[in-house]
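sequence first, predicted coordinates after that:
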Amino acid sequence: MSLLALDAEALYADLAQHVRGLITPQTYLLGVASGGVWLAERLQKDLGLEPSIGVISSAMHRDDFARRGMTMAAQTKIPFDVNGAQVLLLDDVLFTGRTVRAVLNELFDFGRPASVKLAVLVDRGGRELPVQADLCAARITLPATQSLALARSESGKFSFNVKDI
């Protein structure tokens with residue numbers, strides 16, 4: 001898929017349709033700060049799910065802390081017992097796999113879930129760690145010199161920002 005055809009709202013609708021098939025009464029949504037949290041919040045509303053979504057931050061478990069430094073990321077807030085839970089981890093963009101590794105370490109600080117599935121809007125390749133999404137709305141190729149991030153308007157509509165890094 002080309003970057004020009006990357007419609008965040010259409011990708012969200014596709015992801016929501018597939019997530020609907022994964023959700024059970026024992027499934028808890030956990031959004032990676034910040035784009036994943038936005039996805040979790042909107043899925044909760046659009047799918048009529050119970051209000052027990054969580055927020056998870058990668059800040060404390062980053063292996064590239066020396067390069068990135070401490071960011072003003074959201075604090076982890078998990079309003080359910082992680083032990084034995086079926087967790088659906090949501091993120092906007094999957095790239096190297098380092099954020100997913102960090103949030104999994106953070107999640108296991110809270111307990112041992114029965115299962116963790118990963119759903120993302122976009123997989124842009126470039127993996128450095130063996131991480132794969134269970135659900136992905138689109139796969140694109142983007143140069144390593146660019147970043148792709150989900151943006152949310154005041155009305156709640158999604159779009160993507162591409163920046164040179």
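In hand now; what should we look at?

going forward, measure contacts and count neighbours with C-alpha atoms only.
OK.

does Val55 touch Leu88 like I think?
No: with contacts counted by CA atoms under 8 Å, Val55 stays clear of Leu88, the gap being 11.6 Å.

so where's this protein uncertain?
Within the chain, the stretches with pLDDT under 70 are 1-5, 62, 64-73.

what's the overlap in contacts for Val55 and Leu88?
Common neighbours of Val55 and Leu88, using CA atoms under 8 Å, 6 or more residues apart in numbering, are Leu30.

what are the boundaries of the helices in this protein?
Under the criterion DSSP state H, the chain contains helices at 8-22, 35-47, 65-68, 98-109.

export those as JSON lines, with columns for distance to Gln132.
JSON lines is the format used below for these (distance: least, CA to CA, whole Å):
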{"stretch": "helix 8-22", "distance to Gln132": "16"}
{"stretch": "helix 35-47", "distance to Gln132": "16"}
{"stretch": "helix 65-68", "distance to Gln132": "23"}
{"stretch": "helix 98-109", "distance to Gln132": "9"}
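
would you turn those into CSV with distance to Leu150 and mean neighbour count?
CSV is the format used below for the helices of the chain (distance: least, CA to CA, whole Å; neighbours: other CA atoms under 10 Å):
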stretch, distance to Leu150, mean neighbour count
helix 8-22, 8, 16
helix 35-47, 6, 19
helix 65-68, 19, 10
helix 98-109, 15, 18
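
out of those, which comes closest to Leu121?
Closest to Leu121 of the helices of the chain is helix 8-22 (CA to CA; 6.3 Å).

chain center to that closest one, what's the gap?
The chain centre lies 13 Å from the centre of helix 8-22; the measure is CA atoms, centre = their mean, to the nearest Å.

against which helices or strands is that helix packed?
helix 35-47, strand 115-123, strand 135-139, strand 158-164 (3 or more CA pairs under 8 Å, 6 or more residues apart in numbering; DSSP states H and E).

any chance of the ones you listed in TSV, plus distance to Ala8?
Shown next, in TSV, are those (distance: least, CA to CA, whole Å):
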stretch	distance to Ala8
helix 35-47	11
strand 115-123	8
strand 135-139	10
strand 158-164	5
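
of all the ones you listed, which lies closest to Ser147?
Of those, nearest to Ser147 by CA to CA is strand 158-164, at 5.2 Å.

mind listing the strands the closest one pairs with, and their directions?
Partners of strand 158-164 in the sheet, by DSSP bridges, are strand 146-152 (antiparallel).

and the angle from the partner strand to helix 35-47?
Put simply, strand 146-152 runs at 40 degrees to helix 35-47, going by axes from the mean of the first three to the mean of the last three CA atoms, to 10 degrees.
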